[in-house]
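**Student:** Fold the stuff below for me.
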Amino acid sequence: MVGLSFSSKSRSLRIISVLAAAAVVSAMAGGVMFVLSGFLNNTDSAQMGGSFIGAYALYFIELYYTKAK
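**Tutor:** Now for the predicted structure:
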């Protein structure tokens, strides 16, 4: 999605796409740290869940802006 968004002229679409990709990377990091802690660190679990919810929301916002224009 990030690559396709840079072909667009909309700056807001590019920003949302980069933020969503960063949220996915944050969720991945939280998930890896949660597994490495032996499934005991609830903070890493919360980071993983919150980041995935954030990415999900940002990708739907991106879809909205894509369909609106």
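
**Student:** Centre of the chain to the helix or strand of the chain with the lowest mean pLDDT, how far?
**Tutor:** Within the chain, no helix or strand scores below helix 2-5, which has a mean of 74 by mean pLDDT, DSSP states H and E. The chain centre lies 14 Å from the centre of helix 2-5; the measure is C-alpha atoms, centre = their mean, to the nearest Å.

**Student:** what does stretch 60-69 give?
**Tutor:** That offset, for stretch 60-69, works out to 16 Å (C-alpha atoms, centre = their mean).

**Student:** can you give me the helices for this structure?
**Tutor:** Along the chain, the stretches classed as helices by DSSP state H are 2-5, 11-36, 42-68.

**Student:** can you list the ones you listed in JSON lines and add mean neighbour count?
**Tutor:** All C-beta atoms are positioned from the backbone trio N, CA, C, and that covers glycine. Shown next, in JSON lines, are the helices of the chain (neighbours: other C-beta atoms under 10 Å):
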{"stretch": "helix 2-5", "mean neighbour count": "12"}
{"stretch": "helix 11-36", "mean neighbour count": "16"}
{"stretch": "helix 42-68", "mean neighbour count": "15"}
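
**Student:** residues contacting residue 44?
**Tutor:** Each residue near residue 44 by C-beta atoms under 8 Å, 6 or more residues apart in numbering is listed here: 30-31, 33-34, 37.
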